[in-house]
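**Q** Need a 3D model of the following:
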Amino acid sequence: MPKYSISIKYSEEDNCYVAAVPELLGCMAHGDTYNEAMEEIQVAMKLWLEVAVEHGDVIPEPMTYAS
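**A** Modelled structure (predicted):
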């Protein structure tokens, strides 16, 4: 699987960690712990990409950063 950016932040409102993949519009997951959110976003990314391929959608390239 390509290496996409993952953002994980704690949501006081939801009382959980929320993970998102900026390159994959709408790809989000949550967990009670940081690690759980990281595990769940891996599942969400896999499913997001599978559905995009099934529908013939364009798969965004991962962001890259110069070193």
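**Q** where do the strands sit along this protein?
**A** 7-11, 16-20, 28-31 (DSSP state E).
**Q** for stretch 17-37, which positions count as buried?
**A** Neighbour-count burial for stretch 17-37 flags 17-21, 23-24, 27-31, 37 (criterion: 16 or more other Cβ atoms under 10 Å). Backbone N, C-alpha and C define where each C-beta goes, glycine included.
**Q** Just give the nearest non-adjacent residue to the one residue sitting closest to the centre of the chain, would you?
**A** With distances taken as Cα atoms, centre = their mean, the residue of the chain nearest its centroid is residue 21 (3.4 Å). Nearest residue to residue 21 in three dimensions, chain neighbours excluded: residue 27, at 4.3 Å (Cβ to Cβ, 6 or more residues apart in numbering).
**Q** hang on, the earlier thing: between the buried residues of stretch 17-37, which sits nearest residue 11?
**A** Of all the buried residues of stretch 17-37, the one with the least separation from residue 11 (Cβ to Cβ) is residue 18, at 4.9 Å.
**Q** Check the gap between residue 54 and residue 43 for me.
**A** Separation of residue 54 from residue 43 (Cβ to Cβ, to the nearest Å): 17 Å.
**Q** Any idea which of the strands of the chain gets closest to residue 64?
**A** Closest to residue 64 of those is strand 7-11 (Cβ to Cβ; 16.3 Å).
**Q** which parts of the closest one are buried?
**A** For strand 7-11, by 16+ other Cβ under 10 Å, it's residue 8.
**Q** Only C-alpha atoms, please: export that strand in PDB.
**A** Extracted in PDB, the C-alpha atoms of strand 7-11 (Å, rounded to 0.1, in the frame of the first residue of the first chain):
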ATOM      1  CA  SER A   7      -3.100  12.800  11.000                       C
ATOM      2  CA  ILE A   8      -4.200  11.700  14.400                       C
ATOM      3  CA  LYS A   9      -5.700  14.200  16.900                       C
ATOM      4  CA  TYR A  10      -7.500  13.700  20.200                       C
ATOM      5  CA  SER A  11     -11.100  15.000  20.100                       C
END
